[in-house]
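>>> Below: sequence and its predicted model.
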Amino acid sequence: MFFNKDDHTIKIGFLNPHSSFYPYYAHHLLAGFFLGMDKDPGNQKEIQFIPHYTDTGSTSKTVEGVKKLLHFDRVDMLSGLISYSVLPEIVPVLESNKKLGFFFDSGEYIPYFDYLSPNTFFSSNQLWQSEYALGQWARKEYGEGGLMVMPVLESGYHLHSAFQKGFTNGGGGQILLSVLPFDHQNPHRLDMDKVFRQIKKKGPPFVHAIFSGDGGNEFFTRWVEEGLSGQIPLIAAENMIYDEWIEEIADLNIECYSSLLYDPAISSLQNRLFKKKFQQTTGQAVNIFALLGYEGGLMFKELLQDIKKRDWGKVQSLLQTEHIHGPRGERNFYPDAGFVLPEMSIARIKTKKKQTDKRVIGQGKRLAYNHQIFNEIRSATPSGWQNPLFCV
């Protein structure tokens, strides 16, 4: 998929950090990308992705990758999975080399608009929107006094801060935060004993859990074992209820609430087409990386003739202004033009006997990425986290 030696192909450098949660995310993302362009991922000869491994996606590794791809591989443009926290270092490199970057991210950080550039574009899942909407909904539904719980790794992003801002703007009041102890010898080990004792002792009006990958399923399992499912309202971060994770524990009797930036069950023509193309090509169900790639591919389908002419000024102008209509509706990729506000559903999730039911019960509040509320989060002391969400 990555390599194509035709001298006339467009070369795109792909910054590729490691993910223990989604080890094949790059394959899914690029398969989705080419399918969005109506190209066969295995046989197309027009675009060549050149990967560069960036380990955990730190600034130093990312900058090293950018320079190698630009100066050694001589790529035409940059792409890949990055964290917004690396932008202050890589944007000047792109601008000085007059290159465009089209990047992907989960939306664990709110964009830092001080470091945005007319050269950089983003296919973002905007998880910060999900957390803000959940916080506002939780405050109106359950009142103050809730508890947020997460591991150290997840606490370094803007997710819990966005939830807290939503909570404040939904009515405000007290909300507690519990970060699990960190085991330096085994970063993925989750010591939940203390927090579950706290939950059972205080009986908060709700609990909001923010976990990734297997950690989310471990939390769900413990939640059920402690007899809390259906007793205390549980609000789960959206990535915890992605199909590929929740289906692994669908035999448990789980009841929780979350948000849906994308629901694979959407019956729209665009979504049905996306799922059909991806499943027929890969033999796998769609996931968030396939979706982000597909949405980017829909945009590049419109740009392809100008890209092949290497008319980068025209490509830049179109990326700044054009929108696409994809599996979850309208999307765009240039923050300064105003990210299209995503549709946001609040859902009740129930699992039992290997069956998962996601039922929409309301719509969530959305805000522009450059709203003053989000600027307050960006202006807070940075955590120093550089790796993209899921890339540990």
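Good, I have the coordinates.

>>> Rounded mean pLDDT for the lengthiest helix in the chain, please.
Of all the segments assigned as helix in the chain under DSSP state H, the longest by residue count is helix 288-308. Averaging pLDDT along helix 288-308 yields 97.

>>> Stretch 356-371 now?
Mean pLDDT, computed over stretch 356-371, is 87.

>>> List the buried residues of that stretch.
The neighbour-count check on stretch 356-371 (16 or more other Cβ atoms under 10 Å) flags 358, 364, 365, 366, 367, 369, 370 as buried. Quick note: C-beta positions are derived from backbone N, CA and C, even for glycine.

>>> And the strands in the stretch 101-250 of the chain?
Ranges of strands in the stretch 101-250 of the chain, per DSSP state E, counting those that start in this stretch, are 101-105, 120-124, 146-150, 175-179, 207-209, 234-236.

>>> Quick check: which element contains residue 356?
Per DSSP states H and E: residue 356 is located in strand 355-363.

>>> Kindly report the same for residue 310.
Counting by DSSP H and E, residue 310 is found in no helix or strand.

>>> Please spell out which residues along stretch 332-351 are buried.
332-335, 339-340, 342-347, 349-351.

>>> Going by secondary structure, residue 31 is in what exactly?
Using DSSP H and E, residue 31 falls in helix 25-36.

>>> Now do that helix: everything it contacts.
1-2, 14, 16, 19, 22, 40-41, 44, 47, 49, 51, 81, 104, 274, 277-278, 281-282, 284, 286-287, 289-301, 326, 390 (Cβ atoms under 8 Å, 6 or more residues apart in numbering).

>>> repeat for stretch 222-230
Everything outside stretch 222-230 that qualifies as a contact, by Cβ under 8 Å, 6+ apart, is 192, 196, 199, 200, 207, 209, 234, 252, 253, 254, 255, 256.

>>> Neighbour-wise, which one of the residues you listed leads?
residue 207 (25 neighbours; other Cβ atoms under 10 Å).

>>> Pull up the gap between that one and residue 193, please.
15 Å (Cβ to Cβ, to the nearest Å).

>>> do residue 74 as well
Residue 74 is 54 Å from residue 193, by Cβ to Cβ.

>>> for residue 309, same thing?
Counting by Cβ to Cβ - residue 309 and residue 193 are separated by 62 Å.

>>> same check, this time on residue 33
Residue 33 is 43 Å from residue 193, by Cβ to Cβ.

>>> So between those two, which is more surrounded?
residue 33 (31 against 11).

>>> Only alpha carbons, please: show stretch 150-170 as CSV.
Only the C-alpha atoms of stretch 150-170 are listed here, as CSV (Å, rounded to 0.1, in the frame of the first residue of the first chain):
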residue,chain,number,x,y,z
MET,A,150,-8.9,8.3,34.3
PRO,A,151,-5.4,6.9,34.1
VAL,A,152,-2.4,9.3,34.1
LEU,A,153,-1.9,8.8,30.3
GLU,A,154,-5.4,10.0,29.5
SER,A,155,-5.2,12.9,32.0
GLY,A,156,-2.6,14.7,29.9
TYR,A,157,-5.0,15.7,27.1
HIS,A,158,-7.8,18.2,26.9
LEU,A,159,-10.6,15.6,27.2
HIS,A,160,-11.3,16.0,30.9
SER,A,161,-10.8,19.8,30.7
ALA,A,162,-13.4,20.0,27.9
PHE,A,163,-15.8,17.8,30.0
GLN,A,164,-15.3,20.1,33.0
LYS,A,165,-16.0,23.2,30.8
GLY,A,166,-19.2,21.7,29.5
PHE,A,167,-20.2,20.8,33.1
THR,A,168,-19.5,24.4,34.2
ASN,A,169,-21.5,25.9,31.4
GLY,A,170,-24.3,23.4,32.0
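
>>> chain center to that stretch: distance?
15 Å (Cα atoms, centre = their mean, to the nearest Å).

>>> can you tell me the average pLDDT over it?
In this model, stretch 150-170 has a mean pLDDT of 93.

>>> Give the buried residues for that stretch.
150-151, 153-168, 170.

>>> Same check on stretch 101-114?
101, 102, 103, 104, 105, 106, 107, 108, 109, 110, 111, 112.

>>> same check, this time on stretch 216-225
216, 217, 218, 219, 220, 223, 224.

>>> Just the closest of those to residue 241, please.
residue 216 (8.2 Å; Cβ to Cβ).

>>> so where do the helices sit in this protein?
Using DSSP H, helices in the chain cover 25-36, 59-71, 87-96, 127-142, 152-155, 159-169, 193-202, 214-225, 243-246, 269-282, 288-308, 312-321, 372-379.

>>> Residue 386: which of the ones you listed is closest?
By Cβ to Cβ (comparing all of the helices of the chain), the closest turns out to be helix 59-71, at 5.4 Å.

>>> how far does that closest one sit from the chain's center?
Worked out by Cα atoms, centre = their mean, helix 59-71 lies 22 Å from the chain centre.

>>> other SSEs contacting that helix?
Applying 3 or more Cβ pairs under 8 Å, 6 or more residues apart in numbering; DSSP states H and E, we find helix 59-71 packed against strand 10-16, strand 47-53, strand 77-81, helix 87-96.

>>> Go through those and pick out the most buried.
strand 77-81 (a mean of 26; mean count of other Cβ atoms under 10 Å).

>>> So what touches that strand?
10, 12-17, 25-26, 29, 49, 52, 54, 57, 65-66, 69-70, 94, 99-105, 312, 388, 391.

>>> pLDDT on it, on average?
98.

>>> Format the strands of the stretch 101-250 of the chain as JSON lines; extra columns: distance to residue 384.
Listed next are these as JSON lines, based on distance: least, Cβ to Cβ, whole Å:
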{"stretch": "strand 101-105", "distance to residue 384": "18"}
{"stretch": "strand 120-124", "distance to residue 384": "21"}
{"stretch": "strand 146-150", "distance to residue 384": "17"}
{"stretch": "strand 175-179", "distance to residue 384": "15"}
{"stretch": "strand 207-209", "distance to residue 384": "23"}
{"stretch": "strand 234-236", "distance to residue 384": "26"}
